[in-house]
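Novice: Just need the structure, nothing else, for what follows:
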Amino acid sequence: MHYLVFIISKYLSLRGKKELFSLDSIISITGIIIGVIALTISLSLFSGYQKIIKDIILGVNSHIYIFKFSNLQITQQEYQKLEKYLYSQQEIEAVSPFIYTEAMISHSDKIAGIILRGVYPELEKNTTSFAKFISQGKINIEDNQAIIGEKLAQRIQSNVGDTIKLIIPISAKLSPVGMIPKTKKVLVSGIYSSGMYEYDNSYVYLNMHTSQDFIGVDNTYTGIAVKLRTEHLDDTIIISERIKKYLPFEFRLTNWIELNGNLFALLTLEKWVLYIILSFIILVAAFGMVSSLIMHIVEKRKEIGILKSFGVANHKIKSIFIVKSYILGLIGIILGLLLGYIGSQILGNSRIISLDSDVYFIDHLVVENNPYNYMLIFATAVIIIVIASLIPLRKISKLNPVDIITNR
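Specialist: Predicted coordinates:
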């Protein structure tokens, strides 16, 4: 076996390196580098975008929601019983009740439909990242005060300190002049910006006492928000099923995965489609390597014939040429991963490309260099190169040493 080591070592010598890194070999390496860079940057960007979307959704929403069927209210006694059970589960970090209803808002002759949410501010900040999204004003919501979304504030031309009117058509009262909707004037004490358009454009937060008094419910709630500990987020479905078994028949439950499943499924699909398409760049580069290897086999026909005449097996001769492909392939993959990492970091930190936050939820590119993505890219490139290298090596088995030596 020592003669194979000797031959292979010649590739790594100064003279061998000139032959190894010929023009066609450099072109093949360049193609692999480009393909790996494209895969690395695209998967890093998609992973970063998925993470940001997940963080925003889990910041605005709790992980699990408990309601009653037919939009019935949850009584104080029912809440206390469920709260005691929920806190007995080690995976649960916080619990808070809330009021949730549709309403309308009016200011400066502007009117808009809204989602009214009544909360206990001291409990709400434990189940969501509500507090960190306050961009203007104060976090605490006192009686007859409200915190509204940034986009909603722009729609109705309102700022902190303005007085706005809330309207609930479903609580309209009958009067001699017809149905009069219930209204309430509140002071805008804060404005929040979560990055999610549907929330920033429609949500209005009141404290629990003000919302219960306005809606006309006494000491009851629309639902219960549950926050899981971070390390148990991936077990949301399992925990939800366990809680569901405990709940009385009139209760229903949903979670962040069910509410946003279509969005995350679409993002995952797009990521895999992009991965498959960009993998073809590496595949095309591998075919360039195939042609380079075929040319090399043709050039070394005499050497192959001599080795065969000495009784060297075909698979041992093939191993000599495989080394060249693997060296070129590994150089291309490693350089591609390194340059892809550098490129993704530049895109993520320099903010060269700006985005419309109303459409994409973010105003700049976000990168997450997930080790699993790098392992996936490395494995994909290696598999393509190995398979591509094996194709031209079949030609070695068909070469007859007698014909080669006699120049036939």
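Novice: Toward the C-terminus, what is the element adjacent to the lowest-mean-pLDDT helix or strand in the chain?
Specialist: Within the chain, confidence by mean pLDDT, DSSP states H and E is lowest for helix 14-20 among all helices and strands, at a mean of 51. Using DSSP states H and E, the helix or strand that follows helix 14-20 towards the C-terminus is helix 23-60.
Novice: list the buried ones in that next one?
Specialist: 25, 28-29, 31-50, 52-54, 56-60 (16 or more other CB atoms under 10 Å). Yep, even glycine has a C-beta here, placed from its N, CA and C like the rest.
Novice: quick one, what contacts the residue most central in space within the chain?
Specialist: The centre of the chain sits closest to residue 50, judged by CA atoms, centre = their mean, with a distance of 1.6 Å. For residue 50, the contacting residues are 264, 267-268, 271, 368, by CB atoms under 8 Å, 6 or more residues apart in numbering.
Novice: If any of those residues are buried, give me the ChimeraX selection for them.
Specialist: With 16+ other CB under 10 Å as the criterion, this ChimeraX line picks the buried residues out of the contacts of residue 50:
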select :267,271,368
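Novice: Rebuild the contacts of residue 50 as JSON lines, extending it with pLDDT and distance to residue 180.
Specialist: Below are those laid out as JSON lines (pLDDT from 0 to 100; distance: CB to CB, whole Å):
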{"residue": "264", "pLDDT": "81", "distance to residue 180": "44"}
{"residue": "267", "pLDDT": "81", "distance to residue 180": "46"}
{"residue": "268", "pLDDT": "82", "distance to residue 180": "50"}
{"residue": "271", "pLDDT": "84", "distance to residue 180": "53"}
{"residue": "368", "pLDDT": "85", "distance to residue 180": "53"}
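Novice: can I get the contacts of residue 50 in JSON lines with distance to residue 195 and secondary structure?
Specialist: Output for the contacts of residue 50, formatted as JSON lines (distance: CB to CB, whole Å; DSSP: H, G, I helix; E, B strand; the rest coil):
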{"residue": "264", "distance to residue 195": "16", "secondary structure": "helix"}
{"residue": "267", "distance to residue 195": "16", "secondary structure": "helix"}
{"residue": "268", "distance to residue 195": "21", "secondary structure": "helix"}
{"residue": "271", "distance to residue 195": "20", "secondary structure": "helix"}
{"residue": "368", "distance to residue 195": "17", "secondary structure": "coil"}
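Novice: Dump the contacts of residue 50 to CSV, plus distance to residue 98.
Specialist: Below are the contacts of residue 50 laid out as CSV (distance: CB to CB, whole Å):
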residue, distance to residue 98
264, 24
267, 28
268, 30
271, 34
368, 32
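Novice: Can you tell me which of the contacts of residue 50 lies closest to residue 256?
Specialist: residue 264 (9.6 Å; CB to CB).
Novice: what about that closest one, distance to residue 237?
Specialist: 13 Å (CB to CB, to the nearest Å).
Novice: could you pull out the strands for the stretch 101-250 of the chain?
Specialist: 110-119, 134-137, 145-149, 163-175, 178-192, 203-207, 220-221, 223-228 (DSSP state E, counting those that start in this stretch).
Novice: Which one of the ones you listed has the poorest average confidence?
Specialist: Among the strands of the stretch 101-250 of the chain, strand 163-175 carries the lowest mean pLDDT, a mean of 73.
Novice: What's the local residue count around the nearest residue to residue 243 once chain neighbours are set aside?
Specialist: Closest residue to residue 243 apart from its sequence neighbours, by CB to CB, 6 or more residues apart in numbering: residue 253 at 6.1 Å. Residues near residue 253, counting by other CB atoms under 10 Å, number 18.
Novice: shouldn't residue 253 be in contact with residue 242?
Specialist: No - between residue 253 and residue 242 no contact is recorded; they are 10.3 Å apart, counting by CB atoms under 8 Å.
Novice: Determine the three-state secondary structure at residue 98.
Specialist: strand (DSSP: H, G, I helix; E, B strand; the rest coil).
Novice: typed the wrong thing, it's residue 86
Specialist: helix.
Novice: tell me which element residue 93 falls in.
Specialist: Per DSSP H and E, residue 93 falls inside strand 92-107.
Novice: then that strand to CSV, C-alphas only?
Specialist: Below are the C-alpha coordinates for strand 92-107, written out as CSV (Å, rounded to 0.1, in the frame of the first residue of the first chain):
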residue,chain,number,x,y,z
ILE,A,92,-45.5,27.1,33.5
GLU,A,93,-43.9,30.4,34.4
ALA,A,94,-46.8,32.8,34.7
VAL,A,95,-50.6,33.1,34.3
SER,A,96,-52.8,36.2,33.8
PRO,A,97,-56.5,36.8,33.0
PHE,A,98,-57.6,39.2,30.3
ILE,A,99,-60.6,40.9,28.7
TYR,A,100,-60.8,40.7,24.9
THR,A,101,-63.5,42.2,22.7
GLU,A,102,-64.0,44.1,19.5
ALA,A,103,-64.7,47.9,19.6
MET,A,104,-64.2,51.1,17.8
ILE,A,105,-62.0,54.2,18.5
SER,A,106,-62.5,57.8,17.5
HIS,A,107,-60.2,60.9,17.6
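Novice: what packs against it?
Specialist: helix 76-87, strand 110-119, helix 121-127, strand 163-175, strand 203-207, helix 208-215, strand 220-221, strand 223-228 (3 or more CB pairs under 8 Å, 6 or more residues apart in numbering; DSSP states H and E).
Novice: I'd like the ones you listed as JSON lines, with mean neighbour count and distance to residue 351 appended.
Specialist: Shown next, in JSON lines, are the helices and strands packed on strand 92-107 (neighbours: other CB atoms under 10 Å; distance: least, CB to CB, whole Å):
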{"stretch": "helix 76-87", "mean neighbour count": "14", "distance to residue 351": "42"}
{"stretch": "strand 110-119", "mean neighbour count": "19", "distance to residue 351": "32"}
{"stretch": "helix 121-127", "mean neighbour count": "18", "distance to residue 351": "30"}
{"stretch": "strand 163-175", "mean neighbour count": "14", "distance to residue 351": "35"}
{"stretch": "strand 203-207", "mean neighbour count": "23", "distance to residue 351": "28"}
{"stretch": "helix 208-215", "mean neighbour count": "20", "distance to residue 351": "40"}
{"stretch": "strand 220-221", "mean neighbour count": "22", "distance to residue 351": "43"}
{"stretch": "strand 223-228", "mean neighbour count": "24", "distance to residue 351": "32"}
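Novice: Nothing else from me, thank you.
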